[in-house]
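> Build me a structure from this.
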Amino acid sequence: MNKIELQKQSLNIEEVSDNMVICDKESLKFTFEIIKDIRKQKERIIEYWKNTKESAKKVYQAISNKEKEMLEVCENSEKLLKEKILTYKQKQEKRQKKLIAQAENSRKNQLKKISAAASELEKQGECEEAERKLAESEKPKRINLSLDLFSKENKITTQKRWKCKVTDNKSVPCFFDGIEIREINTKKLLEVRKKTPEVTIPGVEFYTEENLIIRSV
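Alright, predicted model coming up:
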């Protein structure tokens, strides 16, 4: 059966289904038969597209695998370089703190000497020279260790993000501060009910829902 024939059959089924009115036993039986025909039509459609889908899937998978392989090289390289950058940045920050502390201690010691010298100059009446020396001693030295590259202007910034890991699964509550942090697995709940039909679980209500089952054979 070709594609056009399948499409015509599907349209016929759609038309019959739209116009179908169940009003008695005969029309109900006829409706059952229509559903069986629909199932057969679905099987024919699936069979028609089966080979095409399998071929397309193989081609798609092959292309996806090649793409993934090529992307992995780039992604791994980018990840490695980012790790190296962060390691360098952290070392430089540590070094910068140490140098700033050393510079501050040096500045304080220098300030004591300059203050003493300024006092002598004031005693000698050279107040302007004394003020100049004091002003120079208060200017902090700029320490540049390439960290100025990390800025919004250069579009290179770092961001600290919180992460977490579960250390004791049984201790984690379902809700915390009104937020659901555990997703309830309804399939597992039904497995429990199947194993123990009379089970009662707090916060869970088991109920039945009627489904229509029509077997082709």
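> Which secondary structure element of this protein has the lowest mean pLDDT?
Across the helices and strands of the chain, mean confidence by mean pLDDT, DSSP states H and E is lowest for helix 127-137: a mean of 62.
> Look up how far residue 83 lies from residue 175.
Remark: distance between residue 175 and residue 83 (C-beta to C-beta, to the nearest Å) = 37 Å. (Glycine included, C-beta is placed from N, CA and C.)
> do the same with residue 28
Taken as C-beta to C-beta, the span from residue 28 to residue 83 is 69 Å.
> What lies in contact with stretch 27-37?
13, 16, 17, 20, 21, 22, 214, 216 (C-beta atoms under 8 Å, 6 or more residues apart in numbering).
> repeat that with 10 Å
Stretch 27-37 is touched from outside by 9, 12-13, 16-17, 20-22, 24, 212, 214-217, with contacts defined as C-beta atoms under 10 Å, 6 or more residues apart in numbering.
> helix/strand/coil for the most centrally placed residue in the chain?
The centre of the chain sits closest to residue 163, judged by C-alpha atoms, centre = their mean, with a distance of 11.8 Å. Residue 163 carries the three-state label coil when classified by DSSP: H, G, I helix; E, B strand; the rest coil.
> next one: phi and psi at it?
Backbone torsions for residue 163, taken as degrees, to the nearest 10, come to phi -130, psi 170.
> okay, it: pLDDT?
Residue 163 carries a pLDDT value of 86.
> and what of the one 4 residues further on?
Residue-level confidence at residue 167 comes out at 91, pLDDT.
> picking that back up, following element in sequence after the least confident helix or strand of the chain, please.
Remark: after helix 127-137, the chain's next helix or strand is strand 175-176, criterion DSSP states H and E.
> which helices and strands does that next one pack with?
On a contact count with 3 or more C-beta pairs under 10 Å, 6 or more residues apart in numbering; DSSP states H and E, strand 175-176 meets no helix or strand.
> and after it, which helix or strand comes next?
Using DSSP H and E, the next helix or strand after strand 175-176 towards the C-terminus is strand 179-180.
> quick check, distance from that following strand to the centre of its chain.
18 Å (C-alpha atoms, centre = their mean, to the nearest Å).
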